[in-house]
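**Student:** I would like the atomic coordinates for the input below:
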Amino acid sequence: MKKLIYIILLGLLISCGSDKNTTETADMIITNGNIAVMNSKQDFAKAMAVKDGKVLKTGTNKEILELKGTATKVIDAKGKTVIPGLNDSHLHLTRGGRFYNAELRWDGVKTLKRALGMLKEQAERTPEGQWVRVIGGWSPYQFEENRFPTSEEIEEATGNVPTFISFLYSRGWLNKAGLKARGIDENTEAPIGSSFEKGATGKLTGVLLAEPNPTILYKSIGALPALSESEMVNSTKQFYRELNSLGITSGIDAGGGGHKFPNDYSGTKLLADAGEMPIRLSYYLFPQNKGKEYAEFQEWMATNEVGHNGEIALDHGYELEGGGEFLAWSAGDYENFLAPQPMLEDRPTWREDIKKIIRLHVDKGWPFRIHATYGESIANILDVIEEVNAETNGKLTAQRWLFDHAETVKEPELKRIKALNGGIAIQARMAYAGEYFVERYGAEKAKQAPPVKKMIALGLPVGAGTDGTRVASYNPWASLYWLVSGKTVGDFQLAEEANRLTREEALRLYTKGSAWVSKEENVKGTLENGMYADFAILSDDYFSVPEKQIKKIKSVLTVVDGKAVYGADEYKSLNPTLPEAIPNWSPVKYYGGYQNN
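**Tutor:** Residues are numbered from 1 along each chain as shown. The predicted structure follows:
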């Protein structure tokens, strides 16, 4: 009997030891790193253990290597900086992926001469029936020449190949072949609030002006030929790999004009259905039919569940978050700093339109976000939000809601947002349009546009992002540079010192801050124990490189859910296979992504 008891006890001890070993053996270990844990103490660690897609432990090399098992993958960071994966709180991911392979991108290109050269090269390889298209993500001040291309230069570069170029939602260019393909001539009427520019002789110059309504640009983009479904899936894979290469592991999709749910989301949905998402994506729904937004939201709410994750293999991999960034088109204030500020008071139905939709969101328990560039718009919309909150006995304050952009919001409105448990998502739009903002509103106003330091001081939840791909580039490092330096991509000083962030503050907005926007602040945004193992090993030390070099940082290894989704340089062997970009003429095949050189 004693022998039997001994055998049983021995078996239990072995079993317990085995369970302990299984629990504490890491799947992946990072050693010799400068790991920014981004906890409240702003600790740095030398090593990190990952298990089951989460951070198991951070500490010294010796402490973490004790968790090494026979199957553990050990990666030497070689002294490089490791950060929590970047999370863009306002990036048009699904739309960006839908078009990425068809677009020639000028993001980061240093000279207009090179930009025009790329235009010429792409025109030569573009087949009949297709267009050359440059859809945002650039500023004339990023070029050494400090100017826009002329219509004549565009014509010379592109010849008989239809071409469309857009700058923000402010202006666009069609070459002669593009005007002909669109059937536009001197007698064509432009949408209300926009115009076709004419020269001294009354002939069209090819310049399209949003004054400030961008419908003329939306229509031009919408008229461009679409990629096939297989090309669109490939395009989405290429775009998400590009984001991974910059250290992005999460993104929050703010919908977008000319981008209908669910039809236009198919490229991303097919990846999610297959369990192939390399990025955690949350999305908001953006109504397309002006004047019928309420009915659209009613239909979506009847057929879709907030919080539903459509990714079969990744937590929060493809998740519906709520409504926005536009709720009602009549309440939208266009961010065109080349045109006068639009006023909501000029639109008689805006208050009724947005109040009905906000109330619908509150009644149905849907989070929402609202596009608002100017402080005056925010003040007016807050009146409505406060009314809805009062009418619902404070129900609004119990759910997640936020303003997007908020370049000229004032402190009294920040306090009102705080009182209503709201937040703000800021983007690097001023980095691309700041010079024009100063021309129209003055350098003094630009010093606090947006007043991000005041937002932080008041304890407001704040997420950071880009508003890529049309208004700004999708590159998060250009955005981080803007937050830290207060400068545009053309190095024009905008923000005063009192409104500039430390590197730690800026990174926190791009990680933990953005996680708040999608109600994920308890699972990601830091590298503390138990948080998602989403992180990037950087090419350069973000915390110490000269300020201007921040824009040039990339990731050399990006990990999502404890798995490598991108690898370069010494980690190239960990880079997952990516199919070649299609179609054959795709600019992605020839130029790749952001021009960091």
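
**Student:** now stretch 470-484 - C-alpha only, PDB.
**Tutor:** Coordinates of each C-alpha in stretch 470-484 appear next as PDB, following Å, rounded to 0.1, in the frame of the first residue of the first chain:
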ATOM      1  CA  ARG A 470      -5.200  60.300 -49.200                       C
ATOM      2  CA  VAL A 471      -4.800  63.300 -46.800                       C
ATOM      3  CA  ALA A 472      -1.400  62.300 -45.400                       C
ATOM      4  CA  SER A 473       1.100  59.500 -45.900                       C
ATOM      5  CA  TYR A 474       0.500  56.300 -44.000                       C
ATOM      6  CA  ASN A 475       4.100  56.500 -42.600                       C
ATOM      7  CA  PRO A 476       3.800  56.700 -38.800                       C
ATOM      8  CA  TRP A 477       7.300  58.000 -38.400                       C
ATOM      9  CA  ALA A 478       6.500  61.200 -40.300                       C
ATOM     10  CA  SER A 479       3.600  61.600 -37.800                       C
ATOM     11  CA  LEU A 480       5.800  60.900 -34.800                       C
ATOM     12  CA  TYR A 481       8.400  63.400 -36.100                       C
ATOM     13  CA  TRP A 482       5.600  66.000 -36.400                       C
ATOM     14  CA  LEU A 483       4.400  65.400 -32.800                       C
ATOM     15  CA  VAL A 484       8.000  65.600 -31.400                       C
END
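
**Student:** now do it, average pLDDT.
**Tutor:** Stretch 470-484 carries an average pLDDT of 97.

**Student:** next one: residue 595, what pLDDT does it get?
**Tutor:** Residue 595 carries a pLDDT value of 85.

**Student:** that one and residue 115 touch, don't they?
**Tutor:** No. Residue 595 is beyond contact range of residue 115, at 9.5 Å (criterion: Cβ atoms under 8 Å). Glycine gets a C-beta too; all of them are placed from N, C-alpha and C.

**Student:** which one's more surrounded, the two?
**Tutor:** residue 115 (23 against 19; other Cβ atoms under 10 Å).

**Student:** for the more buried one, which three-state class applies?
**Tutor:** Using DSSP: H, G, I helix; E, B strand; the rest coil, the structure places residue 115 in helix.

**Student:** wait, it sits on residue 107?
**Tutor:** No. The criterion here is Cβ under 8 Å, and residue 115 misses it with residue 107 at 10.5 Å.

**Student:** intersection of neighbour lists for those two?
**Tutor:** Residues touching both residue 115 and residue 107 (Cβ atoms under 8 Å, 6 or more residues apart in numbering) are residue 138.

**Student:** could you find the closest non-adjacent residue to the residue nearest to the spatial centre of the chain?
**Tutor:** Geometric centre of the chain, nearest residue: residue 91, 2.3 Å, by Cα atoms, centre = their mean. Excluding its sequence neighbours, the residue lying closest to residue 91 (Cβ to Cβ, 6 or more residues apart in numbering) is residue 251, at 4.6 Å.

**Student:** over to the one you found: give its phi and psi.
**Tutor:** phi -150, psi 150 (degrees, to the nearest 10).

**Student:** with residue 566 instead?
**Tutor:** phi -160, psi 140.

**Student:** quick revisit: what is the neighbour count of the residue nearest to residue 91?
**Tutor:** 30.

**Student:** and it, what pLDDT?
**Tutor:** 98.

**Student:** now do residue 11
**Tutor:** The predicted local confidence for residue 11 is 51.

**Student:** need the contact list for residue 225.
**Tutor:** By Cβ under 8 Å, 6+ apart, the neighbours of residue 225 are 129, 130, 131.

**Student:** for PyMOL, what selects the buried ones among these?
**Tutor:** To isolate the buried ones among the contacts of residue 225 in PyMOL, judged by 16 or more other Cβ atoms under 10 Å, type:
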select buried, resi 130+131
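
**Student:** list the ones among the contacts of residue 225 that fall in helices.
**Tutor:** Among these, no member is found in helices (DSSP state H).

**Student:** and the contacts of residue 225 as a markdown table, adding pLDDT?
**Tutor:** Compiled in a markdown table, the contacts of residue 225 are given as follows (pLDDT from 0 to 100):
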| residue | pLDDT |
| --- | --- |
| 129 | 95 |
| 130 | 97 |
| 131 | 98 |
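
**Student:** and which of the contacts of residue 225 is nearest to residue 484?
**Tutor:** residue 131 (37.4 Å; Cβ to Cβ).

**Student:** which neighbours do residue 595 and residue 115 share?
**Tutor:** The overlap between the contact sets of residue 595 and residue 115 (Cβ under 8 Å, 6+ apart) consists of 106, 109.

**Student:** gap between residue 380 and residue 406?
**Tutor:** 13 Å (Cβ to Cβ, to the nearest Å).

**Student:** tell me who's in contact with the residue nearest to residue 91.
**Tutor:** 87, 88, 91, 93, 243, 279, 280, 281, 282.

**Student:** among these, which two are most distant?
**Tutor:** Applying Cβ to Cβ across the contacts of residue 251, the maximum distance is between 243 and 282, 14.2 Å.

**Student:** stretch 187-196: end-to-end distance?
**Tutor:** Stretch 187-196 stretches 10 Å from its first residue to its last (Cα to Cα, to the nearest Å).

**Student:** what sits up against stretch 152-160?
**Tutor:** 116-117, 119-120, 123, 132, 163, 165, 173, 175-177, 206.

**Student:** which of those fall in strands?
**Tutor:** Of the positions in the contacts of stretch 152-160, 132, 163, 165, 173, 206 sit in strands, assigned by DSSP state E.

**Student:** make TSV out of those residues and add neighbour count, distance to residue 291 and pLDDT.
**Tutor:** Shown next, in TSV, are the ones in strands among the contacts of stretch 152-160 (neighbours: other Cβ atoms under 10 Å; distance: Cβ to Cβ, whole Å; pLDDT from 0 to 100):
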residue	neighbour count	distance to residue 291	pLDDT
132	29	34	98
163	27	33	98
165	28	31	98
173	25	30	98
206	24	31	97
